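A.B. asks: turn this into a structure:
(one chain, ligands or ions: 1)
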Amino acid sequence: MDMFFVEGGHPLHGSVRVDGSKNACLPIMAASLAINGEVVLQQVPQLRDIVTMRQLLQSIGATLDFRSDGAVQIDSRNVRSSVAPYELVRQMRAGVCVLGPLLTRFGHARVSLPGGCNIGHRPIDLHLRGLAALGADIRLEGGYIVAEARQLRGADVDLCGPHGPTVTGTCNVMMAAALAKGHTIIRSAAREPEVQDFAQFLNRAGARISGVGTSIVEIQGVEQLHNVCHTVIPDRIEAATLALAAAITRGNVMIHNAPTMDMTRVLNTLVEMGVTVDTTENTLHVRGSAPRFPRFLMAEPYPGLPTDCQAQFMALLSTVPGRSEITDRVFPERFMHAAELVRMGADIHIHGNTAMINGVTRLSAAPVMASDLRASAALVLAALAAEGRSEIRRVYHLDRGYHAFETKLNQLGAHIRRVNDECANGIPRPHSASRFAVAPTVDRPSIDGQTRFAAVDADPE
Ligand code: EPU
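C.D. replies: From the prediction side, this is the model:
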């Protein structure tokens, strides 16, 4: 398993480019199963979760061609199976996104329940409730969701859950409704930019979806969807993570291909903390004044502060003098990174779904363990700011959602070394020097790097 050595205390300087959005791309790839033809996706990020989705679609019978320009061609004409196996779905919860597409394509689907998760309790009852409202007959059998429907029919569906709307649930139901007979209204629909991108993809393929980006989405079912070419939106969470990396190191970084319009709450929060932020439509310039003002933050569904940035903000607030708080309303238990930040000298106490943070003047290096994707990013940020050399284990979590993260940061002046910690004598073995010195496009494993990824039995999230 890979780990990072991070030498802290180097302000980040320079410019960096954001990749395509993981959370937009995954449900779109899944939806291509409902199109009896060809789909071309551009700006697909090279991530482990994308490889897992690729394996899942291939296991179902789709053909995928990953091109060197970052585009992916998906041909679902020969898809014959409607089964999504446990071995793949358990590795990545987004695997459940194939449920809606398979059900619409075949009238039946057998999709493994995703299983446990590191960031808290994550039921899929709203996905099932929505599909049932459209006329699917759903039962659980041997750890699998078995869904059947001769003809899905439009309906009035409310997808509000105890923690707000559901992102992938909205995609699943939207997908099914797009090919159902008649008119569907989804109330309490998720409004995230990734859901909007999903709807735009379907509309380009011939769907008739309106109200996207609001909490009431209307869908007029169509007979079939056709071939489509779509460019995936840039990743607002990667852009935010890079912005916070600049802020925590008091650096000066220009972030290109940043979807700044979708980042209003994140950027406003940084400004309120005293960070200098300048934006255009797709660039973000974060400058190095030390954040001075503690904040009380609430992670909420879009347009609120994203839960996927909560851990990174916790790292940053740990370095801001005064008392801050972060409450996570989306995943109230998503705080496993807090204990690791405390190991680095942060002063954090968890009470229910709220973290109380007393800013410290300096974080100090420590050996720490990543527990999930965003927790890994938070630990890297903290290590960049800490005094001394930190060791971050289990960075395979990071590879699920950030392409060439350490290379991008190193090009901005960070000192991060990826090493393999599995050598027999227990002394971590550095990878070849070139892995730390070259451009992101060649530094990270290619999208075909299945052997390397297959070695990791990842915890799902
Ligand atoms: N929920 C239910 N019932 C459901 C579905 C969700 O109660 O049927 C609850 C969840 O337990 C949670 C809340 O509703 O408390 C929101 O969950 P949601 O369904 O929106 O999450 P998701 O669709 O499974 C996506 C992202 C996550 C991101 C969340 C929230 C993808 C592939 N994943 O998950 O991304 O945190 O939305 O924005 O889109 C990440 O990238 O690190 C990540 C975890």
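A.B. asks: what about Tyr15, neighbour count?
C.D. replies: You called it Tyr, but residue 15 is Ser. Residues lying near Ser15 (other C-beta atoms under 10 Å) number 13. Yep, even glycine has a C-beta here, placed from its N, CA and C like the rest.
A.B. asks: spatially nearest residue to it (excluding sequence neighbours)?
C.D. replies: Counting by C-beta to C-beta, 6 or more residues apart in numbering, Met254 is the residue found nearest to Ser15 once chain neighbours are left out, at 4.0 Å.
A.B. asks: ok but Thr168 is inside a helix, no?
C.D. replies: Yes. Looking at Thr168 with DSSP: H, G, I helix; E, B strand; the rest coil, it is inside a helix.
A.B. asks: what's near enough to touch the closest residue to it other than its chain neighbours?
C.D. replies: Distances taken as C-beta to C-beta, 6+ apart place Cys97 nearest to Thr168, at 5.5 Å, with adjacent residues excluded. By C-beta atoms under 8 Å, 6 or more residues apart in numbering, the residues touching Cys97 are Leu26, Pro27, Ala30, Ala31, Thr168, Cys171, Asn172.
A.B. asks: these two touch, right, the first one and Met53?
C.D. replies: Yes. Here Leu26 lies in contact with Met53, judged by C-beta atoms under 8 Å, at a distance of 5.5 Å.
A.B. asks: helix, strand or coil for Thr327?
C.D. replies: strand.
A.B. asks: next: Ile237.
C.D. replies: From three-state DSSP, the assignment for Ile237 is helix.
A.B. asks: what does the protein have sitting close to the ligand?
C.D. replies: 23, 26, 93-94, 119, 121-127, 161-163, 166-169, 190, 194, 307-308, 330-331, 373-374, 401, 461 (C-beta under 6 Å from any ligand atom).
A.B. asks: coming back round to it: can you check which residues contact both of Leu26 and Met53?
C.D. replies: Met92, Ala94.
A.B. asks: give the contact list for the nearest residue to Arg362 once chain neighbours are set aside.
C.D. replies: The shortest distance from Arg362 to any non-neighbouring residue, by C-beta to C-beta, 6+ apart, is to Glu387 (5.7 Å). By C-beta under 8 Å, 6+ apart, the contact list for Glu387 reads Gly8, Gly9, Arg362, Leu363, Ser364, Ala365.
A.B. asks: can you map out the helices along the stretch 301-450 of the chain?
C.D. replies: 310-317, 336-343, 373-385, 396-401, 405-411, 434-437, 440-443, 450-454 (DSSP state H, counting those that start in this stretch).
A.B. asks: JSON lines please, covering these and showing distance to Gly206 and mean neighbour count.
C.D. replies: Output for those, formatted as JSON lines (distance: least, C-beta to C-beta, whole Å; neighbours: other C-beta atoms under 10 Å):
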{"stretch": "helix 310-317", "distance to Gly206": "37", "mean neighbour count": "28"}
{"stretch": "helix 336-343", "distance to Gly206": "43", "mean neighbour count": "21"}
{"stretch": "helix 373-385", "distance to Gly206": "34", "mean neighbour count": "29"}
{"stretch": "helix 396-401", "distance to Gly206": "31", "mean neighbour count": "25"}
{"stretch": "helix 405-411", "distance to Gly206": "37", "mean neighbour count": "24"}
{"stretch": "helix 434-437", "distance to Gly206": "44", "mean neighbour count": "13"}
{"stretch": "helix 440-443", "distance to Gly206": "34", "mean neighbour count": "16"}
{"stretch": "helix 450-454", "distance to Gly206": "33", "mean neighbour count": "14"}
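A.B. asks: export those to a markdown table and append columns for distance to Glu325 and mean pLDDT.
C.D. replies: Shown next, in a markdown table, are those (distance: least, C-beta to C-beta, whole Å; pLDDT from 0 to 100):
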| stretch | distance to Glu325 | mean pLDDT |
| --- | --- | --- |
| helix 310-317 | 9 | 98 |
| helix 336-343 | 12 | 97 |
| helix 373-385 | 16 | 97 |
| helix 396-401 | 25 | 94 |
| helix 405-411 | 28 | 97 |
| helix 434-437 | 37 | 32 |
| helix 440-443 | 35 | 32 |
| helix 450-454 | 37 | 35 |
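A.B. asks: for the ones you listed, which one sits closest to Val228?
C.D. replies: Nearest to Val228 among those is helix 396-401 (24.9 Å), distances taken as C-beta to C-beta.
A.B. asks: who touches that closest one?
C.D. replies: Under C-beta under 8 Å, 6+ apart, the answer for helix 396-401 is 1-2, 22, 47-49, 92, 237-238, 370-377, 380, 405, 444, 453, 456, 458-459, 461.
A.B. asks: pull stretch 120-128 out as CSV, backbone CA atoms only.
C.D. replies: Extracted in CSV, the C-alpha atoms of stretch 120-128 (Å, rounded to 0.1, in the frame of the first residue of the first chain):
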residue,chain,number,x,y,z
GLY,A,120,-21.3,7.0,8.2
HIS,A,121,-24.7,5.4,7.7
ARG,A,122,-25.6,5.5,4.0
PRO,A,123,-28.9,3.8,3.3
ILE,A,124,-30.4,3.7,-0.2
ASP,A,125,-34.1,3.7,0.8
LEU,A,126,-34.8,6.9,-1.2
HIS,A,127,-33.4,5.3,-4.4
LEU,A,128,-35.7,2.4,-3.9
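A.B. asks: in that stretch, what's buried?
C.D. replies: Gly120, Arg122, Ile124, Leu126, His127, Leu128 (16 or more other C-beta atoms under 10 Å).
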